[in-house]
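In: need a structure here:
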Amino acid sequence: MHTTIHLNPDAPRKPELGAACNGCGVCCAGAPCPLGMLASRRSGGSCAALHWQEEAGRYVCGLIAQPAAHLPRALGWAAPAVAKLAHRSVSAGSGCDCDWQPLSGP
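Out: A predicted model of the protein is given here:
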């Protein structure tokens, strides 16, 4: 079964399994993590918190980079805790755990 995901053409190529994350976006564009499901209000498809950073030329988790933007205004005080939880949820810094193999475009 194939899933089509749309990424910025300038995104870096997906790293090998276990290699350091390079912000390719494949994992989060394919399915949100458990915390991303809450932010996206869905269990499949691209995570609503996936953000393209033009200046860096890579994707980042919005729950880590801009958590307040994904919270109701009344919960803005919780942004630092959400960022910390999201960092742990996506296992940031522990290497690529996405075994999807992207194919080139059409």
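
In: which residues of this structure score low on pLDDT?
Out: For the chain, applying pLDDT under 70 flags the ranges 1, 92-93, 104-106.

In: OK, contacts around the residue nearest in space to the middle of the chain?
Out: Centroid-nearest residue in the chain, with Cα atoms, centre = their mean: residue 28, separated by 3.9 Å. Neighbouring residues of residue 28 by Cβ atoms under 8 Å, 6 or more residues apart in numbering: 36, 46, 47, 49, 50, 59, 61, 90. In this view, the C-beta of every residue, glycine as well, is placed from N, C-alpha and C.

In: tell me what the lengthiest helix in the chain is packed against?
Out: For the chain, the longest helix by residue count, based on DSSP state H, is helix 79-89. Counting contacts by 3 or more Cβ pairs under 8 Å, 6 or more residues apart in numbering; DSSP states H and E, helix 79-89 packs against helix 34-40, helix 62-65.

In: Not counting its own residues, what contacts the shortest one?
Out: This points to helix 62-65. Contacts for helix 62-65 (Cβ under 8 Å, 6+ apart): 35-36, 39, 48-51, 53, 69-70, 82-83, 85-87, 89-90, 92.

In: Among these, the buried ones, what's the PyMOL command?
Out: To isolate the buried members of these in PyMOL, using 16 or more other Cβ atoms under 10 Å:
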select buried, resi 35+36+39+48+49+50+51+70+82+83+86+87+89+90
